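J.: The following comprises the amino acid sequence and a computationally predicted model.
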Amino acid sequence: MRRRCFWGWGWEDAGPTDEHARAIGRLLAARFGGGEPSLADPPALDAITMAPPRVAPPAALATLCSQSPYDRASHTYGKSFRDVVRGLRGDFDRAPDVVAFPAREADVVALLDWCAAVRAVAIPYGGGSSVVGGVEAPAAGDHTAVVSIDLGRLDRVLEIDRTSRAARIEGGILGPALEDQLRPHGLTLRHFPQSFEFSSLGGWIATRSGGHYATLYTHIDDFVEALRVITPSGVIATRRLPGSGAGPSPDRLFLGSEGILGIIVEAWMRLQDRPTFRASASIAFDGLAPGAAAARAIAQAGLYPSNCRLLDPGEALTAGAGNGSEAMLLVAFESADHPLDAWMTRALECARDHGGRVPEGAGRTVVTGEGAREGAAGAWRRAFLDAPYLRDALVRLGMVSETFETAVTWDRFTEFHAGVTEAAEAALRRVCGAGQVTCRFTHVYPDGPAPYFTVIAPARPNSQIEQWAEVKAAASEAILRLGGTITHHHAVGRDHRPWYDHERPDGFATALRAAKRALDPTAILNPGVLIDP
């Protein structure tokens, strides 16, 4: 039976082979200097030492719970660079004492009641794809144990309202299963984050996930119609409505709450008809600045392309979407209703106005999947989906590899991009001796882009986490200083707390703590994430 990797990303049998990983190591040695890096062996589960569980589940919950080494190890961390380094080293000091697999709402209620009674930390766990320390246990506290509550058995589409184009869906369903259950109805949620294969609906909502689509409906927020949440103080169910002006939105309290207020067990989600018309084009620019100007023009024209990703020359080269001398703008449209020629024609005009070079015949409307993944756009998509597996190979090669994303208004972008890049590059020179920083836009809005930076550098032996932390701190401090947000779509978790504390208004922090006390009076849910109890 195929099994998820307990220490890294994805499936155990997927990702680069050792031969491929060593070839990557040789390329990196040529790029950064130094000898060919050695490739660390993955850890063996039977060689890992974990502390014995501090509690056992009561008899009434025993059939829902596991204390097996595999389940405890695989629920210890998320999938950030720091998580994978610790997993590769066999460091599972924060393994949960119990992993619970509720199959219905009543199981979630019973598990939270038990955790509150014994003062055990309860950590909601969707697909485990967090890259910000959002699903790991706190380092210390007055808790007696840690229970990871895996929602994976709550994985069904329960009801479809075809007239309103919405569905009632359980929170533990992963992306592929969700789309498989909607497909026979000709519907889609149309939310495809990079973690799609291994992330859940409840996780998307709890972290305000950003999807693949670059404009208009960019975040999961746009699709939430109503929620059902289990809190230690009781069940909260919001009303299904297309819109409302009745006070602050109760749904918004739980969007981005990162498991500190309750566990999302169901959601009514707005759906869309599956697209049948598509058009795409890859446009070359002499640098990032004219490409950014074109992306802004397209965003402000009200065209709402499904893809409007700008890759700087280094990013384009790494993704196989360019030759390293040009920035590339990937533009795409899709629709279930109409051909797209008028929209694409205007987008290409915007690109040409800013010096974009458009290949002959690019942008024609095609039907169904024809042509949707060709050329530079197809190369980028393949690199996008394979990136987490590649990151694990870089960890095994002893590299520092990190991504950080943000958003900033257009008027600040030029100074912002230069300042963040300079801060990250200076940190790499100081900490690692060499390294590369590249940038792309993941999303564009009329008032600003969401730049996504990628860092790769050689690390000193046994110091990957320390070097990563210095580089991340330098970049994060530059982001806040220059007017960006500490995260656009990766959530806060534990890793971003120091900078989120500065970004978040003090009055809002006070209100959030009050909500925490009201809904989780014993502070068992994910303590230390977003706020201190």
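T.: Yes, it's here. Numbering: from 1, shown residues only.

J.: contact partners of stretch 55-64?
T.: 65, 67, 97-98, 100-103, 107, 110-111, 114, 118, 120, 144-145 (CB atoms under 8 Å, 6 or more residues apart in numbering). In this view, the C-beta of every residue, glycine as well, is placed from N, C-alpha and C.

J.: In ChimeraX, how would I select just the buried ones from the residues you listed?
T.: ChimeraX command restricting the contacts of stretch 55-64 to the buried ones, with burial defined by 16 or more other CB atoms under 10 Å:
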select :65,67,97,98,100,101,102,107,110,111,114,118,120,145
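
J.: Please identify which two of the contacts of stretch 55-64 are farthest apart in space.
T.: Spanning the widest gap among these are A103 and T144, at 25.3 Å by CB to CB.

J.: State the distance from the nearest residue to V529 once chain neighbours are set aside to G15.
T.: Distances taken as CB to CB, 6 or more residues apart in numbering place E258 nearest to V529, at 5.0 Å, with adjacent residues excluded. Plainly put, E258 is 28 Å away from G15 if you go by CB to CB, to the nearest Å.

J.: Same question for Y389.
T.: Between Y389 and G15 the computed distance is 4 Å (CB to CB).

J.: With G322 instead?
T.: From G322 to G15 the distance is 24 Å (CB to CB).

J.: Looking at the two, which is more packed in?
T.: Taking other CB atoms under 10 Å, G322 and G15 do not tie; G322 has more neighbours (23 against 20).

J.: Assign a three-state SS to that one, would you?
T.: For G322, the assignment made with DSSP: H, G, I helix; E, B strand; the rest coil gives coil.

J.: Now for it: which residues touch it?
T.: Applying CB under 8 Å, 6+ apart, we find G322 in contact with A284, L311, P313, A316, M328, A376.

J.: nearest to A450, of these?
T.: Closest approach between those and A450, by CB to CB: L311, at 13.5 Å.

J.: got the contact list for R190?
T.: By CB under 8 Å, 6+ apart, the residues touching R190 are G211, Y213, Y217, F223, L271, Q272.

J.: residues making contact with stretch 491-503?
T.: For stretch 491-503, the surrounding residues in contact (CB under 8 Å, 6+ apart) are 78, 80, 82, 130-134, 136, 138, 207-208, 256, 258, 472, 476-477, 479-480, 485-487, 490, 509, 528-530.

J.: quick one on the thing from earlier: quick check: which element contains the residue nearest to V529?
T.: For E258, there is no helix or strand it lies in under DSSP states H and E.

J.: distance of it from L525?
T.: Counting by CB to CB - E258 and L525 are separated by 9 Å.

J.: and these two? which has more neighbours close in?
T.: Using other CB under 10 Å as the criterion, E258 and L525 rank with L525 on top: 27 against 24.

J.: Isn't that one up against P124?
T.: Yes: L525 lies in contact with P124 (CB atoms under 8 Å); the separation is 7.3 Å.

J.: Low-confidence ranges, the stretch 251-400 of the chain, go.
T.: Counting by pLDDT under 70, the stretch 251-400 of the chain shows low-confidence ranges at 369-383, 385.

J.: so where do the helices sit in the stretch 1-150 of the chain?
T.: Along the stretch 1-150 of the chain, the stretches classed as helices by DSSP state H, counting those that start in this stretch are 18-32, 69-74, 81-88, 105-118.

J.: of these, which approaches P176 most closely?
T.: Per CB to CB, nearest to P176 of the helices of the stretch 1-150 of the chain: helix 69-74, 18.7 Å.

J.: what's the closest one in contact with?
T.: Helix 69-74 has contacts (CB under 8 Å, 6+ apart) with 3-7, 45-46, 48, 50, 53, 66, 87, 92, 95-97, 99, 128.

J.: Quick one: buried ones out of the residues you listed?
T.: By neighbour count, with 16+ other CB under 10 Å, the contacts of helix 69-74 hold 5-7, 48, 50, 66, 87, 92, 95-97, 99, 128 as buried.

J.: Going by distance to A297, which of these wins?
T.: A297 has its nearest neighbour among the buried ones among the contacts of helix 69-74 in G128, at 39.7 Å by CB to CB.

J.: give the contact list for that closest one.
T.: By CB under 8 Å, 6+ apart, the contact set of G128 is S74, H75, G78, K79, V135, F198.

J.: What is the nearest of those to L519?
T.: For the contacts of G128, the closest approach to L519 (CB to CB) belongs to V135, at 19.5 Å.

J.: For that closest one, give me its contacts.
T.: Applying CB under 8 Å, 6+ apart, we find V135 in contact with H75, Y77, G78, I123, P124, Y125, G128, S148.

J.: gap between the closest residue to the third one other than its chain neighbours and V529?
T.: Beyond its immediate neighbours in the sequence, the residue positioned closest to G78 (CB to CB, 6+ apart) is S130, lying 3.2 Å away. With distances defined as CB to CB, the gap from S130 to V529 amounts to 10 Å.

J.: Compare the two (neighbour count), which wins?
T.: Taking neighbours as other CB under 10 Å, S130 and V529 compare with S130 leading, 29 against 26.

J.: what's the spacing between the more buried one and T368?
T.: Plainly put, S130 is 34 Å away from T368 if you go by CB to CB.

J.: Then P57?
T.: Separation of P57 from T368 (CB to CB): 49 Å.

J.: More neighbours: which of these two?
T.: P57 (22 against 11).

J.: Restricted to strands, list the contacts of V135.
T.: Those of the contacts of V135 mapping onto strands are I123, P124, Y125, S148, per DSSP state E.

J.: Bridging across strands, which residues link to the second one?
T.: What it means is P124. Judged by DSSP bridges, the bridge partners of P124 are I149.

J.: surely it meets N526?
T.: Yes: using CB under 8 Å, P124 is in contact with N526, at 6.9 Å.

J.: any residues in contact with both of those two?
T.: Here P124 and N526 have G259 as joint contacts, going by CB under 8 Å, 6+ apart.

J.: any idea how far G33 is from A292?
T.: 31 Å.

J.: Please say which of those two ends up with more neighbours.
T.: Neighbour count, other CB under 10 Å: between A292 and G33, A292 has more, with 25 against 10.

J.: Tell me the secondary structure of that one, please.
T.: Of the three states, A292 takes helix according to three-state DSSP.

J.: quick revisit: columns neighbour count on top of the contacts of R190, output as TSV?
T.: Shown next, in TSV, are the contacts of R190 (neighbours: other CB atoms under 10 Å):
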residue	neighbour count
G211	23
Y213	21
Y217	17
F223	21
L271	23
Q272	18
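
J.: can I get those in JSON lines with secondary structure and distance to D341?
T.: JSON lines is the format used below for the contacts of R190 (DSSP: H, G, I helix; E, B strand; the rest coil; distance: CB to CB, whole Å):
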{"residue": "G211", "secondary structure": "coil", "distance to D341": "25"}
{"residue": "Y213", "secondary structure": "coil", "distance to D341": "20"}
{"residue": "Y217", "secondary structure": "coil", "distance to D341": "22"}
{"residue": "F223", "secondary structure": "helix", "distance to D341": "28"}
{"residue": "L271", "secondary structure": "coil", "distance to D341": "26"}
{"residue": "Q272", "secondary structure": "strand", "distance to D341": "21"}
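
J.: Under the pLDDT cut-off, which ranges of the protein? List them.
T.: Applying pLDDT under 70 to the chain flags residues 369-383, 385.

J.: Now the two most distant members of the contacts of G322.
T.: Pairwise distances across the contacts of G322 peak at 12.7 Å for P313 and A376 (criterion: CB to CB).

J.: Tell me how many other residues crowd G127.
T.: G127 is flanked by 26 other residues according to other CB under 10 Å.

J.: No further queries at this time; thank you.
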